[in-house]
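Q: Give me a 3D structure for the following:
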Amino acid sequence: MSLKVALAQIDIAFANPQANAAKVAAFTKQAAQGDADVVVFPEMWNTGYALDQLDQLADPDGAQTRELLSRLARQYQINIVGGSVATKHGDQFYNTTLVYDSTGQAVASYDKVHLFGLMKEDQYLTAGDRENFFRLAGVSSASFICYDLRFPEWIRTVARHGADILYLPAEWPAVRIPQWRIMLQARAIENQAFVVAVNRVGDDPDNHFDGHSLVIDPLGKIIVGDGSGEQLYFADLDLDELKAVRGPIPVFSDRRPDLYR
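A: Next up, the predicted model:
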């Protein structure tokens with residue numbers, strides 16, 4: 001079985017949800033025209049890190065984002081891993097991933113579990129407390145957000161359910177891209193899964209981002225990506241490779257969780 005994924009490495013207009021929604025719509029259309037099965041967006045694409053403006057900018061209950069992604073998925077008959085957006089629930093704000101299938105039906109949602117103090121997330125956002133494991137386009141999948149990458153125990157906790165693809169949207173600053181690449185390859189190897197990681201490009205008042213979105217196979221090989229600039233990457237995932245990798249080295253069945261503390 002093969003799956004064609006599209007990685008929307010976009011620039012995010014700071015504190016401008018309307019402009020960013022238009023860009024997401026345009027890139028979804030391009031992905032569908034390229035015959036992608038799944039399109040993936042970066043982290044916090046609706047607002048960027050305008051955290052001190054979330055009371056005015058965050059999407060209440062995620063309603064506008066849900067309507068947009070559902071409509072686009074249905075219109076273009078494409079599955080969408082909706083990066084993540086700033087959402088507001090009551091008086092709390094979250095960094096939320098929304099996933100839709102090609103009929104426009106909601107498949108999954110995820111609130112970022114690990115909040116990144118260096119970008120002040122812990123001052124404005126509420127951390128999630130649930131994992132996100134789901135099936136999309138017939139494939140067992142899991143999704144995480146940016147800083148989650150630095151917590152292999154969390155990714156393994158979710159991947160142990162049998163995830164074939166690990167999705168990771170991000171706003172990962174350019175200064176730390178060398179670590180980004182290494183950790184993504186490690187997560188692919190140790191979980192024997194494909195990794196699809198989408199990072200933004202451009203600037204906000206405090207950070208510079210230059211992409212380097214990546215698709216990595218279960219042996220840690222970079223399939224596509226690792227460039228800068230706003231662009232749409234395509235990659236074909238040969239999911240039959242998973243059997244060849246997992247068969248000789250069954251890391252999940254060989255685990256010793258009774259010893260792990």
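Q: tally of neighbours for residue 243?
A: By the other CB atoms under 10 Å criterion, the neighbourhood of residue 243 contains 8 residues. The C-beta positions use only the backbone N, C-alpha and C, and glycine is treated the same way.
Q: how near is residue 255 to residue 183?
A: Counting by CB to CB, to the nearest Å, the gap between residue 255 and residue 183 amounts to 20 Å.
Q: Those two: which has the busier surroundings?
A: In this comparison of residue 255 against residue 183, neighbours counted by other CB under 10 Å, the higher total goes to residue 183 at 19 against 12.
Q: Surely that one is in contact with residue 149?
A: Yes: applying CB atoms under 8 Å as the test, residue 183 and residue 149 come out as touching, 5.2 Å apart.
Q: contacts for the top helix by length along the chain?
A: The helix that spans the most residues within the chain, counting by DSSP state H, is helix 17-33. Outside of helix 17-33, the residues within contact range by CB atoms under 8 Å, 6 or more residues apart in numbering are 6, 8, 10-13, 39, 41, 45-48, 57, 59, 64, 68, 72-73, 76-78, 80, 232.
Q: Can I have the buried ones of these as a ChimeraX selection?
A: For the buried members of those, the matching ChimeraX selection, counting by 16 or more other CB atoms under 10 Å, is:
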select :6,8,10,11,12,13,39,41,45,46,47,48,57,59,64,68,72,73,76,78,80,232
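Q: Let's see which of the contacts of helix 17-33 end up in helices.
A: Taking DSSP H as the definition of helices, the contacts of helix 17-33 contribute 57, 64, 68, 72, 73, 76.
Q: Distance check, the last one against residue 38.
A: Relative to residue 38, residue 76 is positioned 12 Å away (CB to CB).
Q: Mind jotting down where the helices sit in this structure?
A: For the chain, the helices defined by DSSP H occupy 17-33, 54-57, 63-76, 121-124, 152-159, 177-191, 241-246.
Q: could I get those as JSON lines with mean pLDDT?
A: Below are the helices of the chain laid out as JSON lines (pLDDT from 0 to 100):
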{"stretch": "helix 17-33", "mean pLDDT": "98"}
{"stretch": "helix 54-57", "mean pLDDT": "98"}
{"stretch": "helix 63-76", "mean pLDDT": "98"}
{"stretch": "helix 121-124", "mean pLDDT": "98"}
{"stretch": "helix 152-159", "mean pLDDT": "97"}
{"stretch": "helix 177-191", "mean pLDDT": "98"}
{"stretch": "helix 241-246", "mean pLDDT": "96"}
